[in-house]
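In: all I have is the shape, not the residue letters:
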């Protein structure tokens, strides 16, 4: 009986230690596991140690008539945010980034649902997120902040791991207290779920305070911010941009589509390059850099990523999937296909490293020219994320 109590107490202490705020070292955990005679307890500790680290961001964007500038910022600055988020680590683990998207305040939406629409549930598919942002269109309507927050809390699959960071970012420019659902009750739900609510008022700081946006952030244990949503994203042209974009074309060639949706997903990848390029070549440079980060993962449709994903083992080289591969490898053995994918992985890694090296030179050029690329929406969001991640002792590399 006493041994069981000691085992239970020890297991609970390990669980508490393994949150990012009280992280212990891998060696310390291994030593602790060796003191446990019960193999089931040791396995439980291993499960806690290997718990994933996820940053969940729900973006709730006002798409009423006056918000075109906000949507334009979101479309281009997504890649800046992703690049910065790739530096987030906890317990020596790279944090996984999941983004969900809602629009509200658009008269084209269903009035019975409070002029609110879930555009995308939590996703790691950055190309899909970008596609959804580019699809948003503004139209006049009623902006019900309490309703959209309530919907996001009830409809999304929020994680409950000790290491997970969960945040809502709601942006708009009308009264925060409109609609049938009081924002105070919605935010109370968020606090209960340990979801931080950050508010971004598109306009004057004091006006936002008067319209309850600051109160919403205070209740949600988040940050109140304001920005000029009509400000254009500011990027600096450098001598390295064209070289980075040339490498982007080579990078795309390392993606090998498979499965029923593979070729459609590949087409989206190429299409989003074109869409972002039309906005700004420099914005596409940022996208290319994001495609070289750990957060750009496409194991659901890319052979190279899929065979490199532990969770996909045994699910990739099925007879059905092999039939969808390009003719050049479709008729090879599984061993040969695997070897081909490994070679492509090496090629991809080499290209990504060259892109990163060029980006370092790009950053140095911008610094020596005393120029900046600070952008409104991305800067506001990242400032809040870093501040809130510090409460769980995240590290940024």
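Out: In hand now; what should we look at? Treat the numbers as computed from the prediction; the structure is a model and nothing was measured.

In: what about the strands in the chain?
Out: Under the criterion DSSP state E, strands of the chain are mapped to 54-62, 88-90, 93-94, 96-104, 116-123, 165-172, 196-202, 224-227, 395-396.

In: okay but residue 101 is in contact with residue 130, surely?
Out: No. With contacts counted by C-beta atoms under 8 Å, residue 101 stays clear of residue 130, the gap being 10.4 Å. For glycine as for every other residue, the C-beta is placed from the backbone atoms N, C-alpha and C.

In: I'd assumed residue 240 was in contact with residue 282.
Out: No. In this structure, residue 282 is not within contact of residue 240 by C-beta under 8 Å, at 10.6 Å.

In: give me the below-cutoff pLDDT ranges for the stretch 1-150 of the chain.
Out: For the stretch 1-150 of the chain, the stretches flagged by pLDDT under 70 are 1-51.

In: so how many other residues sit close to residue 331?
Out: Taking other C-beta atoms under 10 Å as the criterion, the count of residues near residue 331 is 10.

In: that one and residue 139: what is the separation?
Out: 51 Å (C-beta to C-beta, to the nearest Å).

In: with residue 76 instead?
Out: 21 Å.

In: deepest of the strands of the chain, which one?
Out: Stretch with highest mean neighbour count among those: strand 196-202 (a mean of 27; mean count of other C-beta atoms under 10 Å).

In: what's around residue 370, how many residues?
Out: Residues near residue 370, counting by other C-beta under 10 Å, number 6.

In: pLDDT at it, what is it?
Out: What the model reports as pLDDT for residue 370 is 80.

In: coming back round to it: of the strands of the chain, which approaches residue 258 most closely?
Out: Proximity to residue 258 (C-beta to C-beta) singles out strand 116-123 among those, at 19.6 Å.

In: in its sheet, which strands sit next to that closest one, and in what direction?
Out: Counting by DSSP bridges, the strands paired with strand 116-123 are strand 96-104 (antiparallel).

In: chain center to the strand it pairs with, what's the gap?
Out: Distance of strand 96-104 from the chain centroid (C-alpha atoms, centre = their mean, to the nearest Å) equals 8 Å.

In: ok, the closest residue to residue 342 other than its chain neighbours - contacts?
Out: Excluding the flanking residues, the one nearest residue 342 by C-beta to C-beta, 6 or more residues apart in numbering is residue 307, at 7.6 Å. With contacts defined as C-beta atoms under 8 Å, 6 or more residues apart in numbering, the neighbours of residue 307 are 316, 317, 338, 341, 342.

In: the longest helix along the chain packs against which elements?
Out: Across the chain, the longest stretch assigned as helix under DSSP state H is helix 334-368. Helix 334-368 sits against helix 241-252, helix 281-290, helix 303-307, helix 327-330, with contacts defined as 3 or more C-beta pairs under 8 Å, 6 or more residues apart in numbering; DSSP states H and E.

In: before we move on, the earlier item: same list (the contacts of residue 307) but as JSON lines, adding neighbour count and distance to residue 268.
Out: Listed next are the contacts of residue 307 as JSON lines, based on neighbours: other C-beta atoms under 10 Å; distance: C-beta to C-beta, whole Å:
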{"residue": "316", "neighbour count": "21", "distance to residue 268": "20"}
{"residue": "317", "neighbour count": "20", "distance to residue 268": "24"}
{"residue": "338", "neighbour count": "15", "distance to residue 268": "26"}
{"residue": "341", "neighbour count": "22", "distance to residue 268": "21"}
{"residue": "342", "neighbour count": "13", "distance to residue 268": "25"}
